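> requesting a structural model of the entry that follows:
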Amino acid sequence: MRRFFIELSAILLIYAAGSLLDLSWLQFYYSNEYSPEDGKSIHVGGSILPIILGIVVYFIAAKMILKKSNT
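Got it, this is the predicted structure:
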C-alpha cells in the first residue's frame with residue numbers, strides 16, 4: 001500500500017511541476033467551452049509522461065524498500 005502512495009504522489013508532483021513551470025509535456029489540462037450551436041463541450045487532455053515517470057519511481061522505490069527491509 002505504501003508503494004501505491006509513492007507512485008501516486010510522484011505522478012501528482014510531476015503534474016504539479018508541469019503546471020507550475022508551464023511545461024506542456026508534463027501537464028494535465030481541460031477547457032470548458034460553450035457554443036450556442038453545439039451546446040456545452042469539455043475538452044480534456046494531458047501528457048502520459050508523468051504516469052510513466054511515476055511508474056518508474058514506483059519500481060525504484062520498491063527496490064529500495066525491499067533492499068532496506070532485507071538488511
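
> contacting residues for the residue nearest in space to the middle of the chain?
Geometric centre of the chain, nearest residue: Ile11, 3.4 Å, by C-alpha atoms, centre = their mean. Counting by C-beta atoms under 8 Å, 6 or more residues apart in numbering, Ile11 touches Pro50, Ile51, Leu53, Gly54. The C-beta positions use only the backbone N, C-alpha and C, and glycine is treated the same way.

> okay, the nearest residue to the third one once chain neighbours are set aside: pLDDT?
The reference is to Leu53. Distances taken as C-beta to C-beta, 6 or more residues apart in numbering place Ile14 nearest to Leu53, at 5.5 Å, with adjacent residues excluded. The per-residue pLDDT reported for Ile14 equals 86.

> same thing with Gln27?
Confidence score, pLDDT, at Gln27: 82.

> got the phi and psi for it?
Phi and psi for Gln27, reported as degrees, to the nearest 10, are phi -110, psi 150.

> thought Trp10 was touching Ile60?
Quick fix: residue 10 reads Ala, not Trp. No: taking contacts as C-beta atoms under 8 Å, Ala10 lies outside contact range of Ile60: 9.6 Å.

> still on that earlier bit, out of the contacts of Ile11, the closest to Arg3 would be?
When these are compared for distance to Arg3 (C-beta to C-beta), Gly54 wins out at 11.2 Å.

> helix, strand or coil for that closest one?
Under the three-state scheme (DSSP: H, G, I helix; E, B strand; the rest coil), Gly54 adopts helix.

> surely it is in contact with Phe5?
No: at 11.2 Å, Gly54 and Phe5 do not qualify as touching, with contact defined as C-beta under 8 Å.

> which one's more surrounded, the two?
For the pair Gly54 and Phe5, the greater number of neighbours falls to Gly54 (19 against 11), based on other C-beta atoms under 10 Å.
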